[in-house]
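Visitor: turn this into a structure:
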Amino acid sequence: MADSPAALCLPQALKPPRGPLHGRSEDLAALAALLNQHALVSVVAAGGMGKTRLARHLLARLAPRHADGACWIALAAQGDVVQAIAGAVGLPLSAGDPLAQLCAALAPLSLLIALDAAEHRLEATARTCQALLAAAPGLRIVVTSHVPLMLPLERLYRLGPLAAPQGPLPAARAQGFAAVALFAERAAQADPRFSLTDANAADVIALCRALDGQVLALELAAACLPEHGVAELAASLQQRLRLLIATRNRIAPAARQQTLRAIFDIGHALLAPQQAAVLRRLAGLTGHFDPTHAALADVPNLPAVLAALARRAMLALDSAPGEPLQYRLPDALRSIALALQPA
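Guide: Below you'll find the predicted structure:
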């Protein structure tokens with residue numbers, strides 16, 4: 001039957017994103033347990049905390065438990081939630097009520113769906129989740145968002161920052177804290193000369209604490225190390241923060257957003273002119289894109305430019321090893337990059 005569940009294009013396996021998931025093993029286990037007990041779980045945190053990466057690892061882990069697989073939907077790139085889910089499961093929508101058609105198609109399935117960045121489509125996401133879960137008992141939905149959906153059946157998982165030491169420690173002990181481990185790994189990737197030692201551990205800890213354990217901020221900072229030492233980077237960060245506070249910056253009013261904006265500004269100043277120009281253009285795109293994206297067709301040597309931006313942590317590389325390259329500009333950086341656009 002053309003409209004039977006077997007006709008849907010449902011993925012059977014998902015690969016986790018590149019690299020380890022520092023400091024989130026407990027979060028991953030807790031989320032897996034929540035989804036075993038509840039049909040709708042929302043991972044809620046401010047931008048830059050690593051919600052998307054955590055959810056992608058979660059889907060890769062749990063997809064084999066669902067007979068019909070798992071689907072990933074990035075809502076920031078979608079105009080309509082129902083159509084986005086229908087497209088992800090390969091359901092052609094006909095005339096009539098699209099939500100009713102989607103409910104009917106998913107009703108018999110054992111399927112895991114992730115809806116990423118639901119704050120972009122909050123009311124529509126809430127309505128769609130409520131209808132789907134009422135119709136499909138085998139469905140599980142994990143949502144990432146800045147704010148909850150406010151549904152009675154929703155279970156919240158508030159994602160906190162990565163742990164950092166409260167004070168100076170030897171390198172071996174500091175490495176046991178997730179913020180330090182992530183920074184050290186990314187720093188060594190950016191600058192092979194770097195290693196965490198007793199001599200620099202105090203500066204690394206101070207920087208991790210100044211960055212509030214934000215995953216994205218730590219990655220941006222680590223990418224700056226080839227041009228800045230840790231102590232110099234920490235001093236530059238404090239200078240930028242003082243400037244943002246003094247000028248009452250409206251782009252990043254909250255403390256964590258100010259921190260992210262400050263470290264972004266330091267990293268942005270290190271970009272080559274072409275890289276900075278491409279980053280500003282990418283701020284107008286949403287969702288994933290690859291080096292063949294039509295909006296970037298006129299950029300000379302685009303693959304190298306995108307790779308350089310990814311090394312600078314200005315872009316996320318979400319594809320698994322061996323898969324075609326798929327980049328994404330994190331929402332937390334998009335709002336900052338949009339402010340760089342000429343008026």
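
Visitor: what is the neighbour count of residue 130?
Guide: 16 (other C-beta atoms under 10 Å). C-beta: built from backbone N, CA, C; applies to glycine.

Visitor: tell me what the helix or strand hosting residue 56 is packed against?
Guide: Element membership for residue 56 (DSSP states H and E) is helix 51-62. In terms of contacts (3 or more C-beta pairs under 8 Å, 6 or more residues apart in numbering; DSSP states H and E), helix 51-62 is packed against helix 25-37, strand 40-44, strand 70-74, strand 111-116, strand 139-145.

Visitor: any stretches of the protein with poor pLDDT?
Guide: Within the chain, the ranges that satisfy pLDDT under 70 run 1-19, 247-256, 320-321, 341-343.

Visitor: so what's residue 54 up against?
Guide: By C-beta atoms under 8 Å, 6 or more residues apart in numbering, residue 54 lies in contact with 21, 24, 27, 28, 31, 43, 159.

Visitor: ok, so of those residues, who is nearest residue 195?
Guide: Minimum distance to residue 195 across the contacts of residue 54 is 21.9 Å, recorded for residue 21 (C-beta to C-beta).

Visitor: quick check: closest non-adjacent residue to that closest one.
Guide: residue 57 (5.1 Å; C-beta to C-beta, 6 or more residues apart in numbering).

Visitor: going along the chain, name the helices of the stretch 51-200 of the chain.
Guide: Per DSSP state H, counting those that start in this stretch, the stretch 51-200 of the chain carries helices over the ranges 51-62, 81-89, 98-106, 122-135, 171-174, 178-190.

Visitor: next, the contact list for residue 219, please.
Guide: 182, 186, 313.

Visitor: including distance to residue 285 and neighbour count, could these go into TSV?
Guide: Listed next are the contacts of residue 219 as TSV, based on distance: C-beta to C-beta, whole Å; neighbours: other C-beta atoms under 10 Å:
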residue	distance to residue 285	neighbour count
182	26	25
186	24	23
313	18	26
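
Visitor: would you format these as CSV with distance to residue 332 included?
Guide: As requested, these are exported to CSV (distance: C-beta to C-beta, whole Å):
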residue, distance to residue 332
182, 16
186, 17
313, 11
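
Visitor: about what we covered before: same list (the helices and strands packed on helix 51-62) but as a markdown table, adding mean neighbour count.
Guide: Compiled in a markdown table, the helices and strands packed on helix 51-62 are given as follows (neighbours: other C-beta atoms under 10 Å):
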| stretch | mean neighbour count |
| --- | --- |
| helix 25-37 | 14 |
| strand 40-44 | 24 |
| strand 70-74 | 22 |
| strand 111-116 | 25 |
| strand 139-145 | 25 |
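
Visitor: can I get the ones you listed in a markdown table with distance to residue 336?
Guide: As requested, those are exported to a markdown table (distance: least, C-beta to C-beta, whole Å):
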| stretch | distance to residue 336 |
| --- | --- |
| helix 25-37 | 26 |
| strand 40-44 | 21 |
| strand 70-74 | 19 |
| strand 111-116 | 19 |
| strand 139-145 | 19 |
